[in-house]
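Undergrad: Test case, fold it:
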Amino acid sequence: PNPFNAQTSMIISLKDDATIDLVIYNLLGEEVATLARKDFRPAGYYSFIWNGKDGQGNRVSSGIYLVHSRIATDSGKALKVQTRKAVLVK
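TA: Numbers count the residues shown, from 1 in each chain. This next block holds a predicted model:
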């Protein structure tokens, strides 16, 4: 859901094996949380949950965050790069 309160989930569908990067940024471009970094996954459906906390486990403030995903082959060639907006409301 967007906006979300306690947590939100992102679903990624892979038709082939791939490496996933899934990172949350604030509007200043600062990395807030990393959900996947060079995470190799076989083909299938995957759900990643962001609970509104930063990398140290602290709750982040209400606001707009950018969810950046990159899906690449094992050789590193990007198959899909996407950035979406997520609104956290407390």
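
Undergrad: In stretch 12-20, which residues are buried?
TA: 12, 14, 18-20 (16 or more other C-beta atoms under 10 Å). For glycine as for every other residue, the C-beta is placed from the backbone atoms N, C-alpha and C.

Undergrad: Now the two most distant members of those residues.
TA: Between any two of the buried residues of stretch 12-20, the greatest separation by C-beta to C-beta is 11.5 Å, found for Ile12 and Thr19.

Undergrad: Overlap of the contact sets of those two?
TA: Ile71 (C-beta atoms under 8 Å, 6 or more residues apart in numbering).

Undergrad: what about the residue of the chain most remote from its centre, distance to Ala18?
TA: Distance from the C-alpha centroid of the chain peaks at Ser75, with 21.3 Å (C-alpha atoms, centre = their mean). For Ser75, the distance to Ala18 equals 11 Å [C-beta to C-beta, to the nearest Å].

Undergrad: Who are the contact partners of the most centrally placed residue in the chain?
TA: The residue lying closest to the centre of the chain (C-alpha atoms, centre = their mean) is Leu22, at 3.5 Å. By C-beta under 8 Å, 6+ apart, the contact list for Leu22 reads 10, 12, 34-36, 39, 48, 67-70.

Undergrad: closest to Leu88 among these?
TA: Among these, and counting by C-beta to C-beta, the member closest to Leu88 is Val67, at 11.1 Å.

Undergrad: I'd like the distance between the closest one and Ile11.
TA: To Ile11, Val67 is 12 Å away according to C-beta to C-beta.

Undergrad: do the same with Asp54
TA: Plainly put, Asp54 is 22 Å away from Ile11 if you go by C-beta to C-beta.

Undergrad: Over to Ile64?
TA: 21 Å.

Undergrad: Pick out whichever of the two has more residues nearby.
TA: Counted by other C-beta atoms under 10 Å, Ile64 and Ile11 do not tie: Ile64 has more neighbours, with 11 against 8.

Undergrad: name the element the residue nearest to the centre of the chain belongs to?
TA: strand 18-25 (DSSP states H and E).

Undergrad: Tell me the helices and strands packed up against the helix or strand immediately after that strand in the chain.
TA: Downstream of strand 18-25, the next assigned helix or strand under DSSP H and E is strand 31-41. Applying 3 or more C-beta pairs under 8 Å, 6 or more residues apart in numbering; DSSP states H and E, we find strand 31-41 packed against strand 18-25, strand 44-50.
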